[in-house]
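Colleague: turn this into a structure:
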Amino acid sequence: MQQDIARKKIKRRQEGPGAYPAQPRPPGEVGKAGKIRTAGKAGSVGEMRTAGKVGSAGKTGTGMDYGVYTLTLREWLFYAAQGLAGCALAAYVFYRSAAAFLVMAPVGIVYPLYCREDLKRQRLCRLNLEFKDGILVLASFLSAGYSIENAVAASGRELTLLYGADGLMAGEFEEMARGLRLNRTVESVFLDLGGRSGLEDVNNFAQVFAAAKRSGGDLVEIISHTAGVIRDKVQVQEEIHTMTASKAFEQKIMSLVPVLIVLYIDLTSPGFFDIMYRTMAGRLVMSGCLAVYGISLLLARRILQVEI
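Modeller: Below is the predicted model of the structure:
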């Protein structure tokens with residue numbers, strides 16, 4: 001029965017393409033000819049162009065957007081607990097009232113949203129440092145005579161050894177290597193990374209790389225020079241960060257000093273601040289102190305975030 005069906009298909013194919021209409025395959029038929037024409041997961045050209053789930057090509061094209069940080073459940077719970085603890089401390093120091101804590105509690109619950117920007121900034125700094133090493137490794141492989149496709153794959157393996165499987169750039173280079181195996185152009189994978197990273201250095205490197213690839217210039221020399229420039233820039237940023245890290249730590253210590261002074265006086269001289277918590281004038285004064293304290297914390301945070 002199957003041989004007869006196969007003969008009919010061959011006869012229709014010989015009569016011309018117009019005489020070979022597409023027909024659904026009968027249930028249970030596993031013809032080799034049909035299998036070759038519709039090699040689904042084996043990598044058919046037609047399917048690779050139209051399928052929505054083609055390996056990691058979609059993931060590479062729509063990978064992690066580093067400009068958006070999504071908090072995990074663990075991070076939500078951790079920073080919410082920190083926020084509630086801070087609200088409890090502020091309610092005790094400035095009001096000695098459980099009602100004040102209930103009023104401040106919503107601020108503590110949304111505190112993770114406040115921390116999200118810091119977490120995103122830390123991830124971008126980590127990505128920038130790993131990218132510096134990534135392009136240096138890529139330049140070394142290109143200088144050794146590797147093709148750009150093989151150099152990207154080898155760089156991914158090297159970065160995995162340096163930063164582990166959880167490294168940001170290690171994963172990005174592996175995704176780029178998969179994209180290249182799926183016939184994506186080298187320029188497109190680097191431009192995709194530059195657009196998602198949100199980092200000026202990464203985007204500039206992607207633009208320079210794409211221009212060099214299109215113009216047919218000395219790719220190895222251009223990448224090596226660009227990698228050296230980015231390396232020097234990142235090293236200067238690291239030195240600046242090291243010099244300002246001590247000031248940031250001093251700011252955190254100074255922020256705790258007013259609270260520690262109040263707790264120390266309350267411990268050594270019980271009842272010294274009772275008038276501040278039991279009278280309307282005292283509550284107004286403490287509310288003003290809390291407002292000034294909060295503004296000072298926000299101002300210090302903004303100063304430390306100024307980029308040099």
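
Colleague: going forward, measure contacts and count neighbours with C-alpha atoms only.
Modeller: Will do.

Colleague: the strands in the stretch 101-250 of the chain, which residues?
Modeller: Assigned by DSSP state E, counting those that start in this stretch, the strands in the stretch 101-250 of the chain number zero.

Colleague: what ranges does the stretch 201-308 of the chain have for its helices?
Modeller: Counting by DSSP state H, counting those that start in this stretch, the stretch 201-308 of the chain has helices at residues 219-268, 274-278, 280-304.

Colleague: can you list those in JSON lines and add mean neighbour count?
Modeller: Below are the helices of the stretch 201-308 of the chain laid out as JSON lines (neighbours: other CA atoms under 10 Å):
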{"stretch": "helix 219-268", "mean neighbour count": "14"}
{"stretch": "helix 274-278", "mean neighbour count": "15"}
{"stretch": "helix 280-304", "mean neighbour count": "13"}
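
Colleague: so where's the stretch 201-308 of the chain uncertain?
Modeller: Within the stretch 201-308 of the chain, the segments meeting pLDDT under 70 span 308.

Colleague: and if we set it to 80?
Modeller: The stretch 201-308 of the chain contains residues with pLDDT under 80 at 215-219, 305-308.

Colleague: with adjacent residues omitted, what lies nearest to Ser197?
Modeller: Excluding the flanking residues, the one nearest Ser197 by CA to CA, 6 or more residues apart in numbering is Tyr66, at 5.1 Å.

Colleague: tell me how far the one you found lies from Arg196.
Modeller: According to CA to CA, to the nearest Å, Tyr66 and Arg196 sit 6 Å apart.

Colleague: and Ala154, by the same measure?
Modeller: In terms of CA to CA, Ala154 sits 22 Å off from Arg196.

Colleague: can you check Arg184 too?
Modeller: Taking CA to CA, one finds Arg184 at 17 Å from Arg196.

Colleague: those two: who's more crowded?
Modeller: Just comparing Arg184 and Arg196: by other CA atoms under 10 Å the higher neighbour count belongs to Arg196, 19 against 16.

Colleague: who's in contact with the more buried one?
Modeller: Contact partners of Arg196, counting by CA atoms under 8 Å, 6 or more residues apart in numbering, are 63-67.

Colleague: same question, Val107
Modeller: Applying CA under 8 Å, 6+ apart to Val107 gives the contacts 83-84, 87.

Colleague: show only the entries of the residues you listed found in helices.
Modeller: Counting by DSSP state H, the contacts of Val107 place 83-84, 87 in helices.

Colleague: return the member of those residues nearest to Val93.
Modeller: Cys87 (9.9 Å; CA to CA).

Colleague: give me every residue that touches that closest one.
Modeller: 101, 104-105, 107-108.

Colleague: redo that, cut-off 6 Å
Modeller: By CA atoms under 6 Å, 6 or more residues apart in numbering, Cys87 lies in contact with Met104.

Colleague: picking that back up, adding pLDDT and distance to Cys115, write the ones in helices among the contacts of Val107 out as TSV.
Modeller: Compiled in TSV, the ones in helices among the contacts of Val107 are given as follows (pLDDT from 0 to 100; distance: CA to CA, whole Å):
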residue	pLDDT	distance to Cys115
Gly83	94	10
Leu84	95	14
Cys87	94	15
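
Colleague: ok, those residues vs Val229, which is closest?
Modeller: Gly83 (41.5 Å).

Colleague: distance of that closest one relative to Leu113?
Modeller: Distance of Gly83 to Leu113, given as CA to CA: 11 Å.

Colleague: Three-state assignment for the spatially most central residue of the chain, please.
Modeller: By CA atoms, centre = their mean, the chain has its centre lying nearest to Tyr66, at 3.6 Å. Recorded secondary structure, Tyr66: coil (DSSP: H, G, I helix; E, B strand; the rest coil).

Colleague: so it makes contact with Gly195?
Modeller: No. Using CA atoms under 6 Å, Tyr66 makes no contact with Gly195, being 9.3 Å away.

Colleague: separation between the nearest residue to Leu304 once chain neighbours are set aside and Leu290?
Modeller: Counting by CA to CA, 6+ apart, Ala248 is the residue found nearest to Leu304 once chain neighbours are left out, at 6.8 Å. As for Ala248, its distance to Leu290 is 22 Å (criterion: CA to CA).

Colleague: read off the pLDDT value for the closest residue to Ala88 other than its chain neighbours.
Modeller: Excluding the flanking residues, the one nearest Ala88 by CA to CA, 6+ apart is Phe101, at 5.6 Å. Phe101 is assigned a pLDDT of 93 by the prediction.

Colleague: what does the one 3 residues further on give?
Modeller: We have a pLDDT of 93 for Met104.

Colleague: ok, now how distant is it from Phe205?
Modeller: Going from Met104 to Phe205 by CA to CA gives 46 Å.

Colleague: so for the contacts of Arg196, which is the shakiest by pLDDT?
Modeller: Least confident of those in the model: Gly63, at 74.

Colleague: right, I'll leave it there.
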